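Participant: pasting the sequence and the predicted model now:
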Amino acid sequence: MKMMLEEIEGEQARFIPDEGSPIHVAKDFLPQNYRIGEIYEVTIEGERVLDIVPLKEETQKRLAKMKQKRVELLKKNENH
């Protein structure tokens, strides 16, 4: 399941899935060089997190999409 790493609180990391409720994972389970705001493929079986893999390309695509939306909103506001 694709999820964004939203924040670290103490020893817990909070992931936000595209759909559904946030998931908390022990910070120690994160891959090295993790980054807040990055998209990860989180493999879950039952209540256990089995794997967390960074999706660099997905992260870049989503950032580009958000940047484009921002540009369009700014253009729209200039015209009013």
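Facilitator: Yep, it's here. Only a predicted model underlies this, so the values are computations on that prediction, with no experimental measurement involved. Numbers count the residues shown, from 1 in each chain.
Participant: show me where this structure has its strands.
Facilitator: With DSSP state E as the criterion, the chain has strands at 2-9, 12-17, 23-26, 39-45, 48-54.
Participant: poorly predicted segments of this protein, please.
Facilitator: Along the chain, the model assigns pLDDT under 70 to residues 80.
Participant: 80 - rerun?
Facilitator: 77-80 (pLDDT under 80).
Participant: how far away is His24 from Ile44?
Facilitator: According to Cβ to Cβ, to the nearest Å, His24 and Ile44 sit 12 Å apart. Just so you know, the C-beta spots here come from the backbone N, C-alpha and C atoms, and that holds for glycine as well.
Participant: what would the strands of the chain look like in JSON lines with mean neighbour count and distance to Leu73?
Facilitator: Formatted as JSON lines, the strands of the chain follow (neighbours: other Cβ atoms under 10 Å; distance: least, Cβ to Cβ, whole Å):
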{"stretch": "strand 2-9", "mean neighbour count": "16", "distance to Leu73": "21"}
{"stretch": "strand 12-17", "mean neighbour count": "16", "distance to Leu73": "22"}
{"stretch": "strand 23-26", "mean neighbour count": "14", "distance to Leu73": "30"}
{"stretch": "strand 39-45", "mean neighbour count": "16", "distance to Leu73": "22"}
{"stretch": "strand 48-54", "mean neighbour count": "13", "distance to Leu73": "29"}
